[in-house]
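> turn this into a model:
(2 chains)
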Protein chains: 2
Amino acid sequence: METIVVIKIGGNIIDDQKALADFLSDFAAIKSPKILIHGGGKLATQLSKDLNIEPKIIDGRRITDEKTIDIVTMVYAGLINKKIVAQLQSQKCNAIGLTGADANIIEAHQRINTEIDYGFVGDIDKVNTDLLIDLLSKNYTPVIAPLTHDGKGNLLNTNADTMAAAIAVELSKVKKVSFIYCFEKDGLLKDVNNNDSIISHLNIAEVEQLKEKQIINAGMLPKTSNIIHALENGVEKVILCHAKNVLPIVNENAKFGTTFTKN
Amino acid sequence: METIVVIKIGGNIIDDQKALADFLSDFAAIKSPKILIHGGGKLATQLSKDLNIEPKIIDGRRITDEKTIDIVTMVYAGLINKKIVAQLQSQKCNAIGLTGADANIIEAHQRINTEIDYGFVGDIDKVNTDLLIDLLSKNYTPVIAPLTHDGKGNLLNTNADTMAAAIAVELSKVKKVSFIYCFEKDGLLKDVNNNDSIISHLNIAEVEQLKEKQIINAGMLPKTSNIIHALENGVEKVILCHAKNVLPIVNENAKFGTTFTKN
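Below is the predicted model of the structure:
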């Protein structure tokens, strides 16, 4: 099998119907075997509000109580995941929507934290790629929602960035993987206020330097730590870019966004 | 591959947490390759009410407008499907939750009706069993929610009984299929008020006689027409029973409920 393309999209695309439709049309046209991991966006927060359940966020993490895990399960695994699948099917991309619980793809445990009780939030223990590889080899396209399970019957809310990185790492043990992180900007910017200041290439050492200089700062730290994790664990290349550039990057090897490599 | 067991469960089990847990524990213990198709139950109606969206039912069919298809997608494909998957995983049953849109398992079209506009309700055109058979051969257990798609990007609400029968029929073209319909009673009753009056066996001709005598009446007509459809199209045996009796029926060939055969 050729290189597997693992793509993560987040809220900025999911919350924008037109942008999502455009992206999915591009995604369907990618020729390589591909996997899409999607985040949640604002829909879960909106549904909580509509149901008069006040969302609790501590340090940027949603506290997932029993009502909230039901809501994110409905929104992530139900609404968002299946709408993406139906749209991809209409583009002749044979999508199959999954969570980490399905076929035991991602084993996780409830986060243990002595200071904050995150509730039904899952940290990943193990990614089982057998089914994913089998599906890819038969031209199916897995579309994965950010939920895992604990093996005790509980669904767990899991960060989509972390999940995407974990899947890319595990697949890279058996196949060549190109990992594309879509976000709201065109790439990693030297100057956050100047969209033309994209850094085209970085290795891990250079990332560390940019962190020290605080050019990579608060908002980007979790993403870059997932990127470094991926590179240190077998993923050859991570591209951080805007969703609108995914198709030329993959099909034409065009240069957009920031490419990260180990060395 | 041995006989594939196709089981349909409905609202009476899904709405009762204890009954569902008991059933899933039994289901996980079934040794044969197996598929579960589940209905929706009352949760979607409840969520509609909580969101102040008045559910519209005409002739027992839910009218599925744009808001309602979102709600049933959240509840059926999200909450119910993934909770079942997580519970089965905890019982070491390698479940994989799907809808008819996933992997294009069920192609459908929006119902055309000149008198009533049912909205996003799907009538089935084609069942593609390749992936299901492949999954079963690898010991995965498909768990299917009652949603299909129209190939134009729309999800469609589809009757779970009809969907289960269509899946059983299509699988029976390539494998031996035993089709089990779970419902709230112990079997088809000669006297609806007497739970001991179960009819243990019926062929199609006898079903037609019971319809004429109105022993099979309004509530049972759609179910029996699905059963007859299945028998006339290759399914060898349909068993109508209570969910609590599924395990002895399958693993021990015990006699519970009503068995339907063609002749």
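
> so which bits of chain A are right by chain B?
By Cβ under 8 Å from any Cβ of the partner chain, the residues of chain A that approach chain B are A:47, A:50-51, A:70, A:73-79, A:81-83, A:85-87, A:89-90, A:94-99, A:101-104, A:131, A:134, A:138, A:140, A:147, A:149, A:151-155. Any C-beta I mention is one placed from the backbone N, CA and C, and that applies to glycine too.

> mind checking which of these are buried?
A:47, A:70, A:73-79, A:81-83, A:85-87, A:89-90, A:94-99, A:101-104, A:131, A:140, A:147, A:149, A:151, A:153-155 (16 or more other Cβ atoms under 10 Å in any protein chain shown).

> return the residues in contact with the residue of the stretch 51-200 of chain A found nearest chain B.
Nearest residue of the stretch 51-200 of chain A to chain B: A:Gly78, at 2.3 Å (Cβ to the nearest Cβ). By Cβ atoms under 8 Å, 6 or more residues apart in numbering or on different chains, the contact list for A:Gly78 reads B:Thr73, B:Met74, B:Val75, B:Tyr76, B:Ala77, B:Gly78, B:Leu79, B:Asn81.

> isn't the second one right next to A:Leu79, touching?
When you say that, I think you mean B:Met74. Yes. Under the criterion of Cβ atoms under 8 Å, B:Met74 makes contact with A:Leu79 at 5.0 Å.

> which element follows the helix or strand of chain A with the lowest mean pLDDT toward the C-terminus?
When the helices and strands of chain A are compared on mean pLDDT, DSSP states H and E, strand A:61-63 comes out lowest with a mean of 72. Downstream of strand A:61-63, the next assigned helix or strand under DSSP states H and E is helix A:66-72.

> quick check: angle from the helix or strand just after that next one to helix B:81-90?
Using DSSP H and E, the helix or strand that follows helix A:66-72 in sequence is helix A:81-90. Taking axes from the mean of the first three to the mean of the last three Cα atoms, to 10 degrees, one finds helix A:81-90 and helix B:81-90 inclined to each other by 100 degrees.

> who touches helix A:81-90?
With contact meaning Cβ under 8 Å, 6+ apart, helix A:81-90 is reached by A:20-21, A:24, A:27-28, A:36, A:38, A:94-99, A:141, A:143, A:145, B:73, B:77-78, B:99, B:101-102, B:104, B:147, B:149, B:151-155.

> how far out from the middle of the chain is it?
Distance of helix A:81-90 from its chain centroid, counting by Cα atoms, centre = their mean, to the nearest Å, is 17 Å.

> again with stretch A:98-110
15 Å.

> ok, now stretch A:255-263?
17 Å.

> what about the stretch 151-263 of chain A, any weak spots by pLDDT?
For the stretch 151-263 of chain A, applying pLDDT under 70 flags no range at all.

> can you show me the helices along it?
A:160-172, A:204-212, A:221-232, A:246-252 (DSSP state H, counting those that start in this stretch).

> you'd agree A:Gly39 is up against A:Ile14?
Yes. A:Gly39 is in contact with A:Ile14 according to Cβ under 8 Å; the separation is 6.4 Å.

> element containing A:Pro142, please.
Going by DSSP H and E, A:Pro142 is part of strand A:141-144.

> which elements pack onto the following helix or strand past that strand?
Next in sequence after strand A:141-144, counting helices and strands by DSSP H and E, comes strand A:147-149. Contacts defined by 3 or more Cβ pairs under 8 Å, 6 or more residues apart in numbering or on different chains; DSSP states H and E place strand A:147-149 against strand A:106-110, strand A:122-127, strand A:155-157, helix B:81-90.

> can you redo these as TSV with distance to A:Val169?
Converted to TSV, these look like this (distance: least, Cβ to Cβ, whole Å):
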stretch	distance to A:Val169
strand A:106-110	12
strand A:122-127	8
strand A:155-157	19
helix B:81-90	22
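
> tell me the contacts of A:His149?
A:99-101, A:104, A:106-108, A:122, A:155-156, B:85-86, B:89-90.

> just A:Lys223 next, same as before
A:Lys223 touches A:Asp161, A:Tyr181, A:Phe183, A:Leu240, counting by Cβ under 8 Å, 6+ apart.

> out of those residues, which sit inside strands?
A:Tyr181, A:Phe183, A:Leu240 (DSSP state E).

> wait, isn't the last one in contact with A:Gly257?
Translated: A:Leu240. Yes. Taking Cβ under 8 Å as the definition, A:Leu240 is a contact partner of A:Gly257 at 5.4 Å.

> what touches both of those two?
A:Gly187, A:Leu188.

> show me what the strand holding A:Pro142 pairs with in its sheet, parallel or antiparallel.
Using DSSP bridges, the strands paired with strand A:141-144 are strand A:34-38 (parallel), strand A:95-98 (parallel).

> out of those strands, nearest to A:Leu247?
Nearest to A:Leu247, of all the strands paired with strand A:141-144, is strand A:34-38, at 11.1 Å by Cβ to Cβ.

> just how off-centre is the closest one within its chain?
The answer for strand A:34-38 is 7 Å, by Cα atoms, centre = their mean.

> next one: stretch A:206-217
Using Cα atoms, centre = their mean, the offset of stretch A:206-217 from its chain centre is 22 Å.

> against B:Ala86, how distant is A:Leu51?
22 Å (Cβ to Cβ, to the nearest Å).

> my bad, should have said A:Pro55
22 Å.

> is the residue in chain A sticking out farthest from the centre in a helix, a strand, or coil?
Farthest-out residue of chain A from its mean C-alpha position, per Cα atoms, centre = their mean: A:Asn52, at 28.5 Å. The three-state label given to A:Asn52 by DSSP: H, G, I helix; E, B strand; the rest coil is coil.

> which residues touch it?
Counting by Cβ under 8 Å, 6+ apart, A:Asn52 has no contacts.

> okay, buried residues for stretch A:103-118 please.
Buried-residue list, stretch A:103-118, by 16+ other Cβ under 10 Å: A:Ala103, A:Asn104, A:Ile105, A:Ile106, A:Glu107, A:Ala108, A:His109, A:Gln110, A:Arg111, A:Tyr118.

> same question, stretch A:130-143
In stretch A:130-143, counting by 16+ other Cβ under 10 Å, buried: A:Leu131, A:Leu132, A:Ile133, A:Leu135, A:Leu136, A:Tyr140, A:Thr141, A:Pro142, A:Val143.

> go on, stretch A:211-218?
So for stretch A:211-218, counting by 16+ other Cβ under 10 Å, buried means A:Lys211, A:Ile215, A:Ile216.

> run the chain-centre distance for it.
With Cα atoms, centre = their mean, you get 22 Å for stretch A:211-218.

> and stretch A:243-254, by the same measure?
17 Å.

> show me which positions of it end up buried.
For stretch A:243-254, using 16+ other Cβ under 10 Å, the buried residues are A:Ala243, A:Asn245, A:Val246, A:Leu247, A:Ile249, A:Val250.

> enumerate every residue touching the first one.
Going back to what we said before, that points to A:Ala243. Here A:Ala243 is in contact with A:Ile9, A:Asn12, A:Ile13, A:Ala19, A:Phe23, A:Asp26, A:Cys182 (Cβ under 8 Å, 6+ apart).

> and the furthest pair within these?
By the measure Cβ to Cβ, A:Asn12 and A:Asp26 form the most distant pair in the contacts of A:Ala243, at 15.3 Å.

> just give me the residue closest to the centre of chain A.
Mean-position check on chain A, Cα atoms, centre = their mean. Result A:Lys8 at 3.4 Å.
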